[in-house]
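Chemist: would you be able to build a 3D model of this:
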Amino acid sequence: MTLSFGVLAHITLQVITAARALSRRDRQPASRAAWLLLIAALPFVGIVFYFLFGETKIGGRTAQRMANATRRLGHLRGGKTSEAEIPAQFRQVFRRAVAVNGFRPLAGNTASLPPDENAEIAALIADIDAARDHVHLLFYIWLEDGNGLRVLDAVERAAARGVTCRLLIDGLGSRRMARSARWRRLGETGVKTAITFKMRWLLFHIFFARIDLRNHRKIAVIDGRTGYCGSQNCADPEFRVKAKYAPWIDTFLRIEGPVVGQLQHIFAIDWMTHGQEDISAMLDDPVPADPAGFPAIVVGSGPTVDNRAVSDLFALLLASAEDEVIITTPYFVPDDTLQRAIHGAALRGVNVTLILPERNDSFFVARASRSYYPDLLRAGVRIAEYRKGLLHAKTLTVDGRAACIGSANMDRRSFELNFENNLILASEDVTGLIRTRQLAYLSDARELACEEVETRHWITRMVDNLFATMGPLL
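Modeler: Okay, here's the model as predicted:
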């Protein structure tokens with residue numbers, strides 16, 4: 001009798017969980033099917049996994065604060081860029097970007113790309129040392145290493161001069177910094193700090209929010225005039241917490257112009273959500289424009305913002321290509337939309353090059369990524385694996401005329417779960433800088449032959465495909 005009751009109770013829970021999985025909004029059919037299979041195939045475990053990882057809840061209070069901050073900030077003030085200033089080839093991309101945050105494309109921007117990871121941090125420190133009003137920094141990972149501590153030193157120097165400094169880190173990615181004595185002492189020096197998605201009271205937290213949602217953004221804004229956007233965490237390229245994959249190869253674009261206000265807007269929403277300080281008045285200050293500058297737009301995506309935005313924008317950039325697309329990303333687990341876009345671009349004669357790391361710090365992603373190689377190689381996509389470290393740069397250039405750079409990877413986690421920030425720009429000069437960096441990565445990469453991939457052992461193919469099949473469970 002007891003056994004029969006237990007079985008009945010479990011079946012009832014399975015049905016309730018399956019109904020919940022089917023009724024959730026913003027979920028792709030493949031994801032629904034994968035969760036239904038897991039719930040049915042793994043007694044009890046499937047149900048537990050679903051409630052831990054099957055929904056993108058950020059917590060009721062956090063969600064309310066984020067919604068309030070978004071409403072409080074409203075839309076950015078300032079001039080608009082006419083579509084005539086955006087090349088016709090990329091107007092659909094910019095239109096899709098507008099739909100994400102309500103930002104408008106803004107002209108009058110300039111940018112530079114420091115030559116390497118240490119130079120990127122050095123440039124940031126120089127800007128912090130020159131700051132007069134405020135310093136806003138948001139990093140997914142901030143380590144207590146050479147670069148991480150040098151930035152903290154610069155922030156403390158700025159605070160001592162009377163500059164308002166606000167630092168925001170992720171509770172998981174920067175968990176060691178969040179627990180450090182140095183982080184706790186920052187308040188004594190006048191530096192304001194906050195942590196997104198804290199890891200305290202984890203067992204209690206799992207009942208109200210998904211525990212693996214992360215703020216993966218990398219944003220720096222100095223005095224509202226200078227901004228940084230890219231893949232660079234606040235750490236040494238040696239990345240000692242995962243030293244065997246080092247160096248970590250990153251890009252961090254330094255930007256000046258009106259679009260910096262949009263980076264400030266994204267930072268402000270996160271700060272007002274997690275730091276619970278209203279800084280909306282800062283967005284009223286106009287940012288000067290360079291008459292010869294390029295048009296650009298910031299995209300701040302996430303599970304509560306627009307969880308299809310990143311995939312759509314990558315796909316539209318590929319669709320806009322006429323001659324060439326070069327992509328770098330450390331984590332490649334595309335959804336169907338992006339996979340078809342890459343495949344289709346190659347089939348219509350676009351020279352598509354995909355540069356990925358040869359050794360990946362994520363075993364799951366490395367195996368899943370390789371399952372997509374045969375289809376892409378047969379379509380004519382050029383795939384190369386970078387050999388001199390973990391290629392962490394997230395860049396996409398189109399025809400040497402437009403580029404996307406930011407924190408988002410080409411995987412389902414960045415598409416649907418992480419809070420990300422990207423910059424889309426139309427400029428031959430700046431795209432040329434990014435493209436030159438991409439070609440340098442390509443020169444240190446090994447290109448894969450279609451025959452090499454096609455002849456891999458069937459067990460290898462089976463394992464790769466198994467991990468790819470698990471992708472929709474994200």
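Chemist: hey, let's count contacts and neighbours off CA atoms from now on
Modeler: Fine.
Chemist: any idea how far residue 124 is from residue 214?
Modeler: Applying Cα to Cα, to the nearest Å, the value for residue 214 to residue 124 is 24 Å.
Chemist: so residue 167 is in which element?
Modeler: Under the criterion of DSSP states H and E, residue 167 resides in strand 164-170.
Chemist: residue 55 against residue 210, yeah?
Modeler: Yes. Judged on Cα atoms under 8 Å, residue 55 makes contact with residue 210 at a distance of 6.7 Å.
Chemist: what about residue 242, how many neighbours?
Modeler: Residue 242 has 11 neighbours, counted by other Cα atoms under 10 Å.
Chemist: that's a helix at it, yeah?
Modeler: Yes. Under the criterion used here (DSSP: H, G, I helix; E, B strand; the rest coil), residue 242 sits inside a helix.
Chemist: contact partners for it?
Modeler: If you count contacts by Cα atoms under 8 Å, 6 or more residues apart in numbering, residue 242 has them with residue 361.
Chemist: next SSE downstream of the helix or strand bottoming out on mean pLDDT in the chain?
Modeler: Taking mean pLDDT, DSSP states H and E as the measure, helix 202-205 is the helix or strand of the chain with the lowest mean score, a mean of 57. As assigned by DSSP H and E, the chain's next helix or strand after helix 202-205 is strand 218-222.
Chemist: what residues does the following helix or strand past that following strand touch?
Modeler: Under the assignment DSSP H and E, the closest C-terminal helix or strand after strand 218-222 is strand 226-230. Strand 226-230 has contacts (Cα under 8 Å, 6+ apart) with 127, 218-221, 250-257, 260, 263, 393-394, 405-407, 421-423.
Chemist: strand partners (parallel or antiparallel) of strand 226-230?
Modeler: In the sheet containing strand 226-230, its partner strands are strand 218-222 (antiparallel), strand 252-256 (antiparallel), by DSSP bridges.
Chemist: adding mean pLDDT and distance to residue 457, write those out as CSV.
Modeler: Conversion of those to CSV gives the following (pLDDT from 0 to 100; distance: least, Cα to Cα, whole Å):
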stretch, mean pLDDT, distance to residue 457
strand 218-222, 98, 40
strand 252-256, 98, 39
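Chemist: please identify the deepest-packed of these.
Modeler: Scoring the strands paired with strand 226-230 by mean neighbour count under mean count of other Cα atoms under 10 Å gives strand 218-222 as the most buried, with a mean of 27.
Chemist: and for that strand, what are the contacting residues?
Modeler: Applying Cα under 8 Å, 6+ apart, the external contacts of strand 218-222 come out as 127-128, 131, 134-140, 227-233, 260, 263-264, 267, 406-407, 421.
Chemist: distance of residue 265 relative to residue 303?
Modeler: Using Cα to Cα, one gets 18 Å for the distance from residue 265 to residue 303.
Chemist: out of these two, which sits in the more crowded spot?
Modeler: The residue with more neighbours, out of residue 265 and residue 303, is residue 265; 25 against 21, by other Cα under 10 Å.
Chemist: grab the nearest non-local neighbour of the more buried one.
Modeler: In this structure, residue 265 finds its nearest non-sequential neighbour in residue 283, 6.9 Å apart by Cα to Cα, 6 or more residues apart in numbering.
Chemist: same check on residue 298?
Modeler: The spatially closest residue to residue 298, leaving aside those adjacent along the chain, is residue 423, at 4.6 Å (Cα to Cα, 6+ apart).
Chemist: ok so, going back, output the strand holding residue 167 as CSV, nothing but the C-alphas.
Modeler: These are the backbone C-alpha positions of strand 164-170, laid out as CSV (Å, rounded to 0.1, in the frame of the first residue of the first chain):
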residue,chain,number,x,y,z
THR,A,164,32.4,58.7,-6.5
CYS,A,165,33.3,55.0,-7.2
ARG,A,166,30.8,52.3,-7.6
LEU,A,167,31.9,48.7,-8.1
LEU,A,168,29.6,45.8,-9.0
ILE,A,169,30.6,42.2,-9.2
ASP,A,170,28.8,38.8,-9.7
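Chemist: got the angle for it vs strand 218-222?
Modeler: Relative orientation of strand 164-170 and strand 218-222, computed by axes from the mean of the first three to the mean of the last three Cα atoms, to 10 degrees: 180 degrees.
Chemist: could you pull out the helices in the stretch 51-200 of the chain for me?
Modeler: In the stretch 51-200 of the chain, the helices defined using DSSP state H, counting those that start in this stretch lie at 60-73, 91-101, 117-129, 146-160, 175-178, 181-185.
Chemist: now do the contacts for residue 302.
Modeler: Residues near residue 302 by Cα under 8 Å, 6+ apart: 414, 415, 416, 417, 418, 419, 420.
Chemist: and the pLDDT for residue 93?
Modeler: Predicted confidence (pLDDT) for residue 93: 97.
Chemist: what's the neighbour count on it?
Modeler: Using other Cα under 10 Å: residue 93 sits among 20 other residues.
Chemist: ok, the nearest residue to it once chain neighbours are set aside - contacts?
Modeler: Excluding the flanking residues, the one nearest residue 93 by Cα to Cα, 6+ apart is residue 316, at 5.7 Å. Under the criterion of Cα under 8 Å, 6+ apart, the neighbours of residue 316 are 92, 93, 341.
Chemist: could I get the contacting residues of the residue most central in space within the chain?
Modeler: Compute the mean C-alpha point of the chain, and by Cα atoms, centre = their mean the closest residue is residue 408, 2.5 Å away. Residues in contact with residue 408, defined by Cα under 8 Å, 6+ apart, are 216, 310, 394, 414, 415, 420, 421, 422.
Chemist: same thing but at 7 Å, please
Modeler: If you count contacts by Cα atoms under 7 Å, 6 or more residues apart in numbering, residue 408 has them with 394, 414, 420, 421, 422.
Chemist: that one falls within a strand, correct?
Modeler: No. Inclusion of residue 408 in a strand is not indicated when three-state DSSP is applied; the result is coil.
Chemist: quick check on it: phi, psi?
Modeler: Comment: the main-chain dihedrals of residue 408 come out as phi -80, psi 130, following degrees, to the nearest 10.
Chemist: state the pLDDT value of it.
Modeler: Looking at residue 408, its pLDDT stands at 97.
Chemist: if I look at it, how far off is residue 302?
Modeler: As judged by Cα to Cα, residue 408 and residue 302 stand 10 Å apart.
Chemist: repeat that for residue 36.
Modeler: In this view, residue 36 and residue 302 are 24 Å apart by Cα to Cα.
Chemist: next: residue 229.
Modeler: Distance, residue 229 to residue 302, using Cα to Cα: 16 Å.
Chemist: tell me where the model's unsure across the stretch 51-200 of the chain.
Modeler: By pLDDT under 70, the weakly predicted segments of the stretch 51-200 of the chain are 75-84, 199-200.
Chemist: go with 90
Modeler: Where the stretch 51-200 of the chain drops to pLDDT under 90, the residues are 51-85, 187, 197-200.
Chemist: go on, the stretch 351-474 of the chain?
Modeler: Scanning the stretch 351-474 of the chain with the threshold set as pLDDT under 90 gives 362-368, 412-413, 416-417, 450-474.
Chemist: tell me which stretches of it form helices.
Modeler: Taking DSSP H, counting those that start in this stretch as the criterion, the stretch 351-474 of the chain carries its helices at 363-370, 373-379, 412, 428-443, 450-454, 458-469.
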